[in-house]
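**Q** mind folding the following:
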Amino acid sequence: MTTAVPAPPFGSHGLAGPPLWHDTLPPDELLTPRPALDGSTQADVAIVGAGYTGLWTAYYLLAHDPTLRVVVLEREVAGFGASGRNGGWCSSLFPVSLEKLASRSSRDDAVRMQRAADATVDEVAAVVAAEGIDAQLAKGGTISLARSPLQLTRAHDEVAHARSWGFGESDVRFLDAVEARGVLNATDTLGAVLRSHCAALHPARLVRGLARAVEARGGRLVEGTPVTEIGPGAAVTPFGTVQADVVVRATEGYTAGLPGHERAVAPVYSVMIATAPLPADVWDDIGLAQRTTFNDQRHMVIYGQRTADGRFAFGGRGAPYRFGSRVSPAQEDVPEVFAWLHRTLVDLVPEVHQVEVTHRWAGPLGIARDWWPSVGLDRGRGLAWAGGYVGDGVAASNLAGRTIADLVLGRDTDIVTLPWVNHRSPRWEPEPLRWLGLNAGLTAMGWADPEEQATGRTSLVARAFGRLMHG
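**A** Numbers count the residues shown, from 1 in each chain. This is a model prediction of the structure:
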């Protein structure tokens, strides 16, 4: 499927810069830091991390009990990390298979988990509307294109699998080639899977709006305040300690920077580019009129959306894992991956060949050793956590925030018994094994798609890696 195209019009050699989402915030949402912590204090709940997980947790805690003293601590500013850098898919995709969920709980619980994830997309939309957050949200579903006979077989199998678990046409359906091209007129399209439970949005507008909503409900946000240690009853910073009945770890891809949590979650970079706005008549040819998010059935993950201002925002994996779980801006310059993304987008949609690439950026996502996101509360120690979303955290973080709030407040709700609650993932291997394994897996995914294109058979490399990494 790969077509040779000229190098993209990147300008500065394709180096990373500010995310599109930060550059397109409204003037009153500039990333000006709030005051840092100004001395030790006490709270009912201290939340470490002002991304989606931390802010949703604070939002629902205060919605249920406005008298709570909730302090959210952030090293940078709200939305600096993955919550302001992601692809803008508010999706019910969950990285654990229904079979694996059922093996650790029951078939009914596995279905209940997926149904809760599906409903979360509408919950996010409802809060956005209720709080007046201009997140540019459009629920157009997501389309996964099949662009080879083997991918077409996978698409049919995906829909058949959903049917076997009781999910109907309103959840997921197969599109033939004509129907698929009517949604997105991409090259080589043979068919597609269309899933209903996904919305495109502007992720930085969402996270900044959530921060305002938390403050409006009485929560306290302190920024420019790194947390150097968390433990029972305390979040320690250079500027003082927040003592609290419950401390929530909501640090996702930055978790490895906390002492004692170095092997809890591996940070893996996802990379994105954005084009200049395309003319309306070009979009008439391309499609995505409902702002349906899109990818295809390849192994190397890609994802895209049509933004509210008429751009392509397009991303994928491919950046190497950094030794020791390092996360820093210096790790984000991956010109070869930016160039690959541009080639891939042009291969899908040739109309963008001469369109300027205005932004290129990267950000870390969090992966647990068994690829199993989790949320939980150790009530005896007063420590709660959520994360390991494997890149599908825009919606999952909302479900996580609601769940932590219910667990902390002792609310007996359906979501506190979902199979991801209090799941304990094994720790990642120590270095250099972690570095070797993750980068070997990345290389394997890079080989898998050309292997399938050459052989017409399912990649043995991808199958072997899946068994190795997921168990």
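**Q** low-confidence stretches in the stretch 251-400 of the chain?
**A** 330-331 (pLDDT under 70).
**Q** could you rerun that using 90?
**A** 269, 299-300, 317-335 (pLDDT under 90).
**Q** can you pull out the helices in it?
**A** 280-286, 335-348, 393-409 (DSSP state H, counting those that start in this stretch).
**Q** let's have these in TSV, adding mean neighbour count and distance to residue 96.
**A** Any C-beta I mention is one placed from the backbone N, CA and C, and that applies to glycine too. As requested, these are arranged in TSV below (neighbours: other C-beta atoms under 10 Å; distance: least, C-beta to C-beta, whole Å):
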stretch	mean neighbour count	distance to residue 96
helix 280-286	12	33
helix 335-348	21	27
helix 393-409	26	11
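**Q** these: which one's closest to residue 80?
**A** Distance to residue 80, taken as C-beta to C-beta, is lowest for helix 393-409 among these, at 15.0 Å.
**Q** same for the closest one, what does it pack against?
**A** Under the contact criterion of 3 or more C-beta pairs under 8 Å, 6 or more residues apart in numbering; DSSP states H and E, helix 393-409 touches helix 52-64, strand 89-91, helix 107-130, strand 374-378, strand 383-387.
**Q** and the helix or strand just after that helix, what other elements does it pack with?
**A** Heading C-terminal from helix 393-409, the first helix or strand you meet, by DSSP states H and E, is helix 433-455. On a contact count with 3+ C-beta pairs under 8 Å, 6+ apart, helix 433-455 meets strand 266-275, helix 460-470.
**Q** buried sites along helix 433-455?
**A** 434-435, 437-438, 441-442, 444-449, 451-452 (16 or more other C-beta atoms under 10 Å).
**Q** from the chain's centroid, how far away is that helix?
**A** 21 Å (C-alpha atoms, centre = their mean, to the nearest Å).
**Q** stretch 184-198 now?
**A** Centroid displacement of stretch 184-198 relative to its chain, using C-alpha atoms, centre = their mean, is 20 Å.
**Q** helices of the stretch 101-250 of the chain, start to end?
**A** Secondary structure of the stretch 101-250 of the chain (DSSP H, counting those that start in this stretch): helices at 107-130, 149-164, 177-183, 203-216.
**Q** export these as JSON lines, with columns for mean neighbour count, distance to residue 305 and mean pLDDT.
**A** Putting those into JSON lines (neighbours: other C-beta atoms under 10 Å; distance: least, C-beta to C-beta, whole Å; pLDDT from 0 to 100) gives the following:
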{"stretch": "helix 107-130", "mean neighbour count": "18", "distance to residue 305": "14", "mean pLDDT": "98"}
{"stretch": "helix 149-164", "mean neighbour count": "16", "distance to residue 305": "20", "mean pLDDT": "97"}
{"stretch": "helix 177-183", "mean neighbour count": "17", "distance to residue 305": "13", "mean pLDDT": "98"}
{"stretch": "helix 203-216", "mean neighbour count": "24", "distance to residue 305": "10", "mean pLDDT": "98"}
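**Q** let's have those in CSV, adding distance to residue 370.
**A** Converted to CSV, the helices of the stretch 101-250 of the chain look like this (distance: least, C-beta to C-beta, whole Å):
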stretch, distance to residue 370
helix 107-130, 15
helix 149-164, 21
helix 177-183, 33
helix 203-216, 26
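**Q** phi, psi for residue 43 please.
**A** Note on residue 43: its backbone torsions stand at phi -150, psi 170 [degrees, to the nearest 10].
**Q** returning to what we had before: which one of the helices of the stretch 251-400 of the chain lies closest to residue 374?
**A** Judged by C-beta to C-beta, the one of those that comes nearest to residue 374 is helix 393-409, at 8.7 Å.
**Q** thought residue 264 was touching residue 255?
**A** Yes - checked against C-beta atoms under 8 Å, the pair residue 264 and residue 255 is within contact range at 5.4 Å.
**Q** more neighbours: these two, which one.
**A** Using other C-beta atoms under 10 Å as the criterion, residue 264 and residue 255 rank with residue 255 on top: 26 against 22.
**Q** spatially nearest residue to the more buried one (excluding sequence neighbours)?
**A** In this structure, residue 255 finds its nearest non-sequential neighbour in residue 265, 4.3 Å apart by C-beta to C-beta, 6 or more residues apart in numbering.
**Q** now distance to residue 40 too, for the helices and strands packed on helix 393-409, in a markdown table please.
**A** Listed next are the helices and strands packed on helix 393-409 as a markdown table, based on distance: least, C-beta to C-beta, whole Å:
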| stretch | distance to residue 40 |
| --- | --- |
| helix 52-64 | 20 |
| strand 89-91 | 37 |
| helix 107-130 | 33 |
| strand 374-378 | 23 |
| strand 383-387 | 19 |
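**Q** list just the one of those that sits closest to residue 414.
**A** With C-beta to C-beta as the criterion, residue 414 lies closest to helix 107-130 of the helices and strands packed on helix 393-409, at 7.4 Å.
**Q** got the contact list for the closest one?
**A** 59, 90-94, 98-99, 101-102, 133, 135, 137, 139, 165-167, 171, 197-199, 201, 206, 209, 213, 394-396, 398-399, 402, 414-415, 417-420 (C-beta atoms under 8 Å, 6 or more residues apart in numbering).
**Q** gap between the nearest residue to residue 315 once chain neighbours are set aside and residue 319?
**A** Spatial nearest neighbour of residue 315, chain neighbours left out: residue 272 (3.7 Å); criterion: C-beta to C-beta, 6+ apart. Distance, residue 272 to residue 319, using C-beta to C-beta, to the nearest Å: 11 Å.
**Q** name the residue in those two with the higher neighbour count.
**A** Using other C-beta under 10 Å, the more surrounded residue of residue 272 and residue 319 is residue 272, with 26 against 22.
**Q** surely the more buried one and residue 341 touch.
**A** Yes - counting by C-beta under 8 Å, residue 341 is a contact partner of residue 272 at 7.4 Å.
**Q** now for the two: what residues contact both?
**A** 314, 315.
**Q** got the contact list for the residue lying closest to residue 325 once chain neighbours are set aside?
**A** Spatial nearest neighbour of residue 325, chain neighbours left out: residue 256 (3.7 Å); criterion: C-beta to C-beta, 6+ apart. Contacts for residue 256 (C-beta under 8 Å, 6+ apart) come out as 262, 263, 264, 265, 266, 267, 325, 327.
**Q** re the thing from before, how about the helices of the stretch 101-250 of the chain, which one is nearest residue 231?
**A** Nearest of the helices of the stretch 101-250 of the chain to residue 231, taken as C-beta to C-beta: helix 203-216 at 23.9 Å.
**Q** need the residues that contact that closest one.
**A** Everything outside helix 203-216 that qualifies as a contact, by C-beta under 8 Å, 6+ apart, is 19, 21-22, 24-26, 29, 50-52, 55-56, 58-59, 62, 70, 72, 78-79, 83-88, 124, 127-128, 131-137, 221, 394.
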